[in-house]
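S.K.: A structural model of the following input is requested.
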Amino acid sequence: MANRFIKPYFCLMGRHGKNQLFQSIKVIDTASKGRTVAKTDDGEIIFLSSGVPGDVVDINIYKKRKGFYEGNIIKFHTLSEHRTKPVCEHFGICGGCKWQHMKYDAQLIYKQKEVLENLKRIGKIELPDLKPILALENPYWYRNKMEFSFSNQRWLTKEEVDSGIEINRNALGFHKPGMWDKIVDVNTCHLQADPSNDIRNFVRSYACENDLTFFDPKNQSGFLRSLMIRTTSTKEVMIVLQIFQKKDTILFPLLDAVSKEFSSITSLQYVINGKANDTIYDQEIICYEGDDFITEVMENLQFKITAKSFYQTNSLQAYELYKVVRDLADLHGNELVYDLYTGTGTIAQFISQNTLKVIGVDVISDSIDAAKANAIHNKIDNVFFETGDMKDIFTEAFIGRHGKASVVITDPPRDGMHKDVVQQLLNLSPERIIYVSCNSATQARDLFLMKEHYRVIASQAVDMFPQTHHVENVVLLKNI
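M.R.: Take a look at the predicted model:
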């Protein structure tokens, strides 16, 4: 059936114009932020918040932009061969697993495709060696950290709203996309293994049975605010309960009940946060029972992880990622290495036995403190760490203090490297640069700035986040 454009027939949408319907349109590709793309025979581009490449659908347009539309699927004519049934009852509501309706092998294909297209289109790079994306054997239960929010403003289904029945609005789960004050109450999340779901559901049940108040984000009131659960591959479990105000007479019985119910908990902590936002990095974390850390193991290394520590949220794939970095660095024991954006120094310590010296830098002082403590714990004496904003600290004076590195590993945040950091890298002119990125678009932008001086030798994508559109990519550059 040929694509047909049906003239506007729905209600007005203010300045955005009228609703429109496109009928029997094929979804052809994925796009940024987990979206998909449909295209008409006339070349009209439509971005969708759902869909799987290969679907043939009817689309209701809700917004017209310059050069493209945005719409929602209202009817399926043909289902893609890449489509699968989501395992989670909350799929499409909580917004956490936007690709759970796509088979895992197809997810890998489109992640690899995104990396390649960004490197070619933005970085203007022709890759001599694009290695196959590293998949995860089990694409569920892989996260070692989850954060759940309490709210007395539970998101309600249309059926609940229309029922007219008074409903318990307490919830413990995830923010509904586009609704900052609404929380989707979660029964089972398939991203973090047991005992995560059992702990969350127990805390919620206890709170409801004992009339503990859930946080009210609009009025800034209530008692329970958030619940963080961290786990390790060695089966250690950390719980961090965030409360809005100090009320020991109700807090301590709750913590005691959790401790009694779950003997696997090795670190039970809480934080009192009366600020407007949930950020705990500027708050005191109080250890109620057990240690104030949990320990992750990687080869012969141990990493102590505190409530505030950054650690890759997929422990199994973090190990694979670090092995890729180590292999591409091709170290022989006599190299001075800079590890930019080092975080808690995990990569620096992982490669340290193959180097002469590693210098790690990060802007977060708590992360650097953890890096130093872990290096001492692991008896590593050839890694050194500094705290500072990368664009300010990575200077000629820095190079003068530590020496000229022949290898640089850089793992910046999603925004990529500041242009001053890129320029200083070019000034330093190391033999090899290994660029780790969770955003291949900004990675490609930075690579373009270095293309006159460095040649991209290899690119390796690593799937750290199955069921989502996110992908990690590692690139090896050599000085021309």
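
S.K.: Buried residues in the biggest helix by length in the chain, which are they?
M.R.: Longest helix in the chain by number of residues (criterion: DSSP state H): helix 104-121. Using 16 or more other C-beta atoms under 10 Å as the test for burial, helix 104-121 gives 104, 106-112, 114-116, 118-119. Every residue, glycine included, has its C-beta placed from N, CA and C.

S.K.: elements contacting it?
M.R.: strand 20-30, strand 130-134, helix 440-450, strand 454-462 (3 or more C-beta pairs under 8 Å, 6 or more residues apart in numbering; DSSP states H and E).

S.K.: How far away from the center of its chain is it?
M.R.: 17 Å (C-alpha atoms, centre = their mean, to the nearest Å).

S.K.: Begin at 619 from now on, thanks
M.R.: In the new count, where the first residue is 619, that last one comes out as helix 722-739.

S.K.: how many degrees apart are that helix and strand 748-752 in direction?
M.R.: Interaxial angle of helix 722-739 relative to strand 748-752 (axes from the mean of the first three to the mean of the last three C-alpha atoms, to 10 degrees): 140 degrees.

S.K.: What's the mean pLDDT across helix 722-739?
M.R.: Across helix 722-739, the average pLDDT comes to 96.

S.K.: got the angle between that helix and strand 1072-1080?
M.R.: 170 degrees.

S.K.: Give me the contact list for helix 722-739.
M.R.: 647-648, 670-671, 700, 717, 720, 743-745, 748, 750-751, 753, 757, 1058-1059, 1061-1062, 1065, 1074, 1077, 1079, 1081, 1084-1085, 1087, 1089, 1091, 1093 (C-beta atoms under 8 Å, 6 or more residues apart in numbering).

S.K.: Would you mind checking those for buried ones?
M.R.: For the contacts of helix 722-739, buried by 16+ other C-beta under 10 Å: 648, 670-671, 700, 717, 720, 743, 745, 751, 753, 757, 1058-1059, 1061-1062, 1065, 1074, 1077, 1079, 1081, 1084-1085, 1087, 1089, 1091, 1093.

S.K.: The helices and strands packed on helix 722-739 into CSV, with extra columns for mean pLDDT?
M.R.: Shown next, in CSV, are the helices and strands packed on helix 722-739 (pLDDT from 0 to 100):
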stretch, mean pLDDT
strand 638-648, 94
strand 748-752, 91
helix 1058-1068, 97
strand 1072-1080, 96
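
S.K.: Which of the ones you listed sits closest to residue 789?
M.R.: strand 638-648 (30.7 Å; C-beta to C-beta).

S.K.: Partner strands of the helix or strand that the closest one is followed by and their direction?
M.R.: With elements assigned by DSSP states H and E, the helix or strand that comes after strand 638-648 is strand 654-657. Within its sheet, strand 654-657 is paired with strand 638-648 (antiparallel), strand 663-666 (antiparallel), according to DSSP bridges.

S.K.: Quick one: distance of the longest one to the chain centre.
M.R.: In this case it means strand 638-648. Taking mean C-alpha positions (C-alpha atoms, centre = their mean), strand 638-648 and its chain are 29 Å apart.

S.K.: Likewise for the shortest one?
M.R.: Average the C-alpha atoms of strand 663-666, do the same for its chain, and the two points are 24 Å apart (C-alpha atoms, centre = their mean).

S.K.: buried stuff in it?
M.R.: 664-666.

S.K.: All the helices of the protein, residue numbers only.
M.R.: 722-739, 776-781, 814-827, 866-879, 933-947, 964-969, 983-995, 1008-1011, 1014-1020, 1037-1046, 1058-1068.
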